[in-house]
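# below are the sequence and a predicted model; questions follow.
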Amino acid sequence: GQSDLSVAEEATAMVTVNMEPIIPDPPVVDEKIILNKIYFDLDASNIRPDAALELDRLVSFMKKYPELEVMAETYADIRGSDSYNLALTQRRAESIVAYVVSQGVDASRLTAVGRGEANPVMDCASQKCTSAEYELSRRSEFTITKR
């Protein structure tokens, strides 16, 4: 049957809903948690607001699965010295971990690893790269090390 709902014009309804937003689990491929790119400003390791929003997906995932342990690795492109890039990526990886920990995930569940110029996505050493191609190598990867 059909039911009709009538509401008086003067009626006022106030509903307060207090709940955590539901964040869908990020996809996991070959034990890597697939997030959108975490951007950093040039030569900086601070977590930008756009990066924080993306990392919140990781936080939510780790809170949902309390056994999960994750290694956060960041990579640089080949511009700049090897030692500088290694230190920069380590600071960035540590910033990522510090952010996730600040959101209530236990520090023992995360490992920060700066990879410097290792495993570039594009070979910019032997060919001229566009800024977009350099950008591909500047990345963060999140690998599940324990489930």
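That came in fine, so what should we check first? Residues are numbered from 1 along each chain as shown.
# any idea how many residues pack against D106?
The burial count assigned to D106 is 11, neighbours taken as other C-beta atoms under 10 Å. Any C-beta I mention is one placed from the backbone N, CA and C, and that applies to glycine too.
# helices or strands next to the longest helix seen in the chain in the packing?
Assignment by DSSP state H gives helix 82-102 as the longest helix of the chain. Counting contacts by 3 or more C-beta pairs under 8 Å, 6 or more residues apart in numbering; DSSP states H and E, helix 82-102 is packed against helix 49-64, strand 69-75, strand 110-114, strand 139-146.
# mind running it again at 7 Å?
helix 49-64, strand 69-75, strand 110-114 (3 or more C-beta pairs under 7 Å, 6 or more residues apart in numbering; DSSP states H and E).
# got the angle between the longest one and strand 110-114?
Put plainly, it is helix 49-64. On the basis of axes from the mean of the first three to the mean of the last three C-alpha atoms, to 10 degrees, helix 49-64 is oriented at 140 degrees to strand 110-114.
# got the CA positions of helix 49-64 in CSV?
Provided in CSV are the C-alpha atoms of helix 49-64 (Å, rounded to 0.1, in the frame of the first residue of the first chain):
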residue,chain,number,x,y,z
PRO,A,49,46.3,20.4,4.2
ASP,A,50,45.7,18.5,1.0
ALA,A,51,48.1,15.8,2.1
ALA,A,52,46.5,15.7,5.5
LEU,A,53,43.1,14.9,3.9
GLU,A,54,44.7,12.0,2.0
LEU,A,55,46.6,10.7,5.0
ASP,A,56,43.3,10.7,6.9
ARG,A,57,42.3,7.8,4.6
LEU,A,58,45.3,5.9,5.9
VAL,A,59,44.5,6.8,9.5
SER,A,60,40.9,5.6,9.1
PHE,A,61,42.1,2.3,7.5
MET,A,62,44.7,1.7,10.3
LYS,A,63,42.1,2.4,13.0
LYS,A,64,39.7,0.0,11.4
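# what residue lies at the spatial centre of the chain?
The residue lying closest to the centre of the chain (C-alpha atoms, centre = their mean) is L55, at 3.6 Å.
# surely T89 meets A72?
No: at 10.5 Å, T89 does not count as touching A72 under the criterion of C-beta atoms under 7 Å.
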